[in-house]
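Asker: Structure here, sequence nowhere to be found:
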């Protein structure tokens, strides 16, 4: 009998607190403590690595309107990754140099996806491969958030195809 009364009292206390738990103040506090400026996504090597000489250095998402990035469904994020991965493999699997490539996609609910790219330490000899990657990656336009803007960054480290790739 005591356990039933205690359980019932606990239920009333929880029900009384429910409006407060869902308040904007509580949500903002949660986001400040548990969600950073960007959220990194971990993928095992088999999923993240486009080719033997290409490492997925970072895979992150960020939304100015939603620090926890709940406005980008996981399926949409993985669909974007699945579309970029073969483009990176085709462009860089036979690379003759080591360098970094960072692709940034901007997703919104109602506009086509936009694309930006940054390259680090790539020699001029890689220009053709980088141009191919840029053109094909930029053509990916049909990815969307459910609300607000979401930035998705895919950062690859490319190693010369004949060199050993450092262990993760």
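Answerer: Nice, thanks for sending it over. A quick note: this is a predicted structure, and the numbers were derived from the prediction, not measured. Residues are numbered from 1 along each chain as shown.
Asker: which parts of stretch 98-112 are buried?
Answerer: 98, 99, 100, 101, 102, 103, 104, 105, 106, 107, 108 (16 or more other Cβ atoms under 10 Å). Placement of C-beta: from N, CA and C, glycine included.
Asker: Please apply the same query to stretch 113-132.
Answerer: Neighbour-count burial for stretch 113-132 flags 113, 115, 122, 126, 129, 130 (criterion: 16+ other Cβ under 10 Å).
Asker: end to end, how far does that stretch reach?
Answerer: 18 Å (Cα to Cα, to the nearest Å).
Asker: Quickly note the distance from the residue nearest in space to the middle of the chain to residue 89.
Answerer: By Cα atoms, centre = their mean, the mean C-alpha position of the chain lies nearest to residue 60, the distance being 3.3 Å. As judged by Cβ to Cβ, to the nearest Å, residue 60 and residue 89 stand 20 Å apart.
Asker: same check, this time on residue 65
Answerer: Applying Cβ to Cβ to residue 65 and residue 89 gives a distance of 33 Å.
Asker: okay, the two: which has more neighbours?
Answerer: Between residue 65 and residue 89, residue 89 has the larger neighbour count (other Cβ atoms under 10 Å), namely 17 against 11.
Asker: In contact with the more buried one, which residues are there?
Answerer: By Cβ atoms under 8 Å, 6 or more residues apart in numbering, the contact list for residue 89 reads 50, 51, 54.
Asker: And it, how close does it get to residue 158?
Answerer: 11 Å.
Asker: any residues in contact with both of these two?
Answerer: In contact with both residue 89 and residue 158: residue 54, using Cβ under 8 Å, 6+ apart.
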